[in-house]
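Asks: A predicted structure for the sequence below; I have some questions about it.
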Amino acid sequence: AQSVTQLGSHVSVSEGALVLLRCNYSSSVPPYLFWYVQYPNQGLQLLLKYTTGATLVKGINGFEAEFKKSETSFHLTKPSAHMSDAAEYFCAVSESGSNYKLTFGKGTLLTVNP
Amino acid sequence: SAVISQKPSRDICQRGTSLTIQCQVDSQVTMMFWYRQQPGQSLTLIATANQGSEATYESGFVIDKFPISRPNLTFSTLTVSNMSPEDSSIYLCSVGGTTDYGYTFGSGTRLTVV
């Protein structure tokens, strides 16, 4: 069965600092991996996804993530945090053959300090 | 990607009553999903809405409590029946299963049961 672990329920960075949100997954088959962002009182917005091909994936708002099979990781990074990045971030995994169901991590709340 | 219209956006309901949430997609999609996000928690899949057949429910969710309809390829409803305060959550619909759609989410329905 697929599962996702997000290390750190709360990450706090200064504006302009590097953002690193950690995600490790468990999957018995090659996974599809996703990062979503949820702003307060809003739905989920897809930041980026990995399905096949290049392991470094670039998303919206300057975020990127790298799929590392050997480490079963898909960490999300952004070189320079902006105040508007403050939100909840969810990592999710889907397995081919699972009817495309998404399994989510518990989420990481990112706060950006001025 | 697909555009999803979900309504109502929020509601406050009396315990023992039922609420039907609607999800309309601007194009035909194969897979539609319903998720629940309890306060401060991650998302949990309730069921997969199948067009022309009964929904497929995840462990811990039953049809009597969460009946789902999927009359066509652009529309689905989720009903939360005989509500109790424990049903207070955000309910989200999602479409996916193709790379074109990338697992798009509706804006969610914030339900409070009093």
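Replies: Looks like it arrived, so ask away. Numbers count the residues shown, from 1 in each chain, chains lettered A, B, ... in the order given.
Asks: measure the residue nearest to the spatial centre of chain A to chain B for me?
Replies: By CA atoms, centre = their mean, chain A has its centre lying nearest to A:Trp35, at 3.4 Å. For A:Trp35, the distance to chain B equals 11 Å [CB to the nearest CB, to the nearest Å]. Glycine gets a C-beta too; all of them are placed from N, C-alpha and C.
Asks: so that residue bridges to which residues?
Replies: In this entry, A:Trp35 is beta-bridged to A:Leu48, A:Cys91, by DSSP bridges.
Asks: let me see the contact set for it.
Replies: The neighbourhood of A:Trp35, defined by CB atoms under 8 Å, 6 or more residues apart in numbering or on different chains, consists of A:21, A:23, A:46-49, A:59, A:63, A:65, A:74, A:76, A:89-92.
Asks: can you map out the strands along chain B?
Replies: Using DSSP state E, the strands assigned to chain B run over residues B:4-7, B:10-13, B:19-25, B:31-37, B:43-49, B:56-57, B:68-72, B:75-80, B:89-96, B:104-105, B:109-113.
Asks: what comes up buried for the third one?
Replies: This means strand B:19-25. Of the residues in strand B:19-25, B:19, B:21-23, B:25 count as buried by neighbour count, 16 or more other CB atoms under 10 Å in any protein chain shown.
Asks: what does stretch A:56-64 give?
Replies: Within stretch A:56-64, the residues that qualify as buried are A:57, A:59, A:63-64, counting by 16+ other CB under 10 Å.
Asks: what's the pLDDT at A:Thr103?
Replies: On pLDDT, A:Thr103 comes in at 89.
Asks: and the gap between it and B:Ser27?
Replies: 26 Å (CB to CB, to the nearest Å).
Asks: so for those two, which residue has more residues nearby?
Replies: Between A:Thr103 and B:Ser27, counting by other CB atoms under 10 Å in any protein chain shown, A:Thr103 is the more crowded of the two (22 against 12).
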